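Chemist: Quick one: sequence and predicted model below, then my questions.
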Amino acid sequence: MGFSDQIRAFGITTSQAHDKVVRETTIALFTSVITETPVDEGAAKGSWQTTVAAPAEGQSSRVDPSGRMAIAEAMANTPAGAGQVTFLTSNLAYIERLENGWSMQAPNGMVKRNVTRFQRMVDESAARNRV
């Protein structure tokens, strides 16, 4: 294999690793937000919707006390490659109150708390996908 072939192969490997890091980090962030959303009857966890290109419109009526369905949706809807904007949206009427500590189950919220962990999530995924 010549030098140009090695460079091309490295470019492909690097691009694939980048795609994996972006996807893994997105799923990790979304999963953490969903998991840490307070649960009473499951409406709040079930309200999280994962979409690409634009935030979800309307409210999900999904009841999902464990968050498994919302997490499965996040995994299914997160693109395989980098370069697309992926949204995690809840249009639940009281989701902002939950984020601002309304529930003793999540006094520090669930979004801002995980956004502060985002760099660690990226670093962990990058370490797993090192080229």
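Modeler: Now that the structure is in, tell me what you want to look at. Just so it is clear, the model here is predicted, and its values are computed rather than measured. Residues are numbered from 1 along each chain as shown.
Chemist: ok, longest helix in the protein?
Modeler: helix 3-36 (DSSP state H).
Chemist: mind checking how far whatever helix or strand comes next after that one is from the chain centre?
Modeler: Using DSSP states H and E, the helix or strand that follows helix 3-36 in sequence is helix 43-46. Mean-position distance between helix 43-46 and its chain equals 16 Å (CA atoms, centre = their mean, to the nearest Å).
Chemist: re earlier: for the longest helix of the chain, which helices and strands make contact with it?
Modeler: helix 68-77, strand 86-89, helix 111-115, helix 118-128 (3 or more CB pairs under 8 Å, 6 or more residues apart in numbering; DSSP states H and E). From N, CA and C alone the C-beta is placed, and that goes for glycine too.
Chemist: buried stuff in it?
Modeler: In terms of neighbour count (16 or more other CB atoms under 10 Å), helix 3-36 has its buried residues at 17-36.
Chemist: quick one, that helix and helix 68-77 angle?
Modeler: 160 degrees (axes from the mean of the first three to the mean of the last three CA atoms, to 10 degrees).
Chemist: Buried residues, stretch 43-63. List them.
Modeler: Ala43, Ala44, Lys45, Gly46, Ser47, Trp48, Gln49, Thr50, Ala56, Ser60.
Chemist: ok, so of those, who is nearest Gln105?
Modeler: Distances from Gln105 to the buried residues of stretch 43-63, taken as CB to CB, are shortest for Ala44 (9.7 Å).
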